[in-house]
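Asker: Whatever this is, show me its structure:
(one chain, ligands or ions: 1)
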Amino acid sequence: MTMSATADEKLLRALTALLGQKGIVTPDEIAERVALTDAASPGQGARMVARAWVDPAYRALMLADGTRAAETLGIPMRGAPPLGVLENTAGLHHLVVCTLCSCYPRAVLGYPPFWFKSAAYRARAVRDPRGLLAEFGTVLPDHVRVRVVDSTADYRWMVLPLRPPETAGWDEARLAGLVREGDMIGVTQVAC
Ligand code: FE
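Answerer: Numbers count the residues shown, from 1 in each chain. Sure thing, here's the model as predicted:
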């Protein structure tokens, strides 16, 4: 009995071979990117959020240039699309979606959760953001404005969530432990 490759695997091999032949991207570069994404996790974004909460200068850098802020903490960003950071405030809540497909700041959050790619999430984030947020247990007062931001192939977004007031005096590592993937997409708020 022989193992046969699926049609997807054959297509992928043909595509990577062609990209190599044309000098667009080498197999080593593809392998490097896969390894970087495999190693990335929401813990990296959480470290950035915790640093921003305790260090105003870092917070300013993160809002001005997310890519540089990530690199400052040793997160590899080479070849990744630019990273933008959206700051939640008492009066403004951000929700990130890729309406077209599944663009996601993988360098700082790792692979997206399964629902991020779903047609239902992508459509409802735009059509009914408050209803969608409520399904994640996030009920915002009426005075809080919701801003939905579209991630694209050229620009990726993450949310800098609000710091819970109960965490006054907490150190950075403990703060980072609180921050979840959904908090940085904007479907949830940081809770302790
Ligand atoms: Fe996309």
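Asker: Centre of the chain to the worst-scoring helix or strand of the chain on mean pLDDT, how far?
Answerer: Among the helices and strands of the chain, helix 27-39 carries the lowest confidence by mean pLDDT, DSSP states H and E, at a mean of 86. Helix 27-39 has its C-alpha centroid displaced from the chain centroid by 18 Å (Cα atoms, centre = their mean, to the nearest Å).
Asker: after it comes which helix or strand?
Answerer: helix 42-54 (DSSP states H and E).
Asker: got the residues of this protein near the ion?
Answerer: 98, 100-103 (Cβ under 5 Å from the ion). Using the backbone N, CA and C atoms, a C-beta is placed for each residue, glycine as well.
Asker: if we can go back for a sec, what residues does the least confident helix or strand of the chain touch?
Answerer: 16, 19-20, 76, 79, 106-107, 110-111 (Cβ atoms under 8 Å, 6 or more residues apart in numbering).
Asker: Now list the buried members of the residues of the chain next to the ion.
Answerer: Listed as buried from the residues of the chain next to the ion are 98, 102-103; burial here means 16 or more other Cβ atoms under 10 Å.
Asker: packing partners for the longest helix seen in the chain?
Answerer: Longest helix in the chain by number of residues (criterion: DSSP state H): helix 7-21. Under the contact criterion of 3 or more Cβ pairs under 8 Å, 6 or more residues apart in numbering; DSSP states H and E, helix 7-21 touches helix 27-39.
Asker: dump the residue contacts of Cys103.
Answerer: 81, 151-153, 156.
Asker: How about Pro161?
Answerer: Here Pro161 is in contact with 49, 88, 179, 183-184, 186, 189-190 (Cβ under 8 Å, 6+ apart).
Asker: cool, Gly45 as well?
Answerer: By Cβ under 8 Å, 6+ apart, the residues touching Gly45 are 105, 108-109, 158, 179, 181, 184.
Asker: From Gly20, how far off is it?
Answerer: Gly45 is 32 Å from Gly20, where distance means Cβ to Cβ, to the nearest Å.
Asker: and what of Phe114?
Answerer: Counting by Cβ to Cβ, the gap from Phe114 to Gly20 is 31 Å.
Asker: and the two? which has more neighbours close in?
Answerer: Higher neighbour count among Phe114 and Gly20: Gly20, with 15 against 9, using other Cβ atoms under 10 Å.
Asker: Tell me who's in contact with the more buried one.
Answerer: By Cβ under 8 Å, 6+ apart, the contact list for Gly20 reads 26-27.
Asker: Break the protein down into its domains, please.
Answerer: For the chain, automatic domain parsing gives the domain ranges 3-37, 41-185.
Asker: Let me know which of those is tucked in deepest.
Answerer: domain 41-185 (a mean of 17; mean count of other Cβ atoms under 10 Å).
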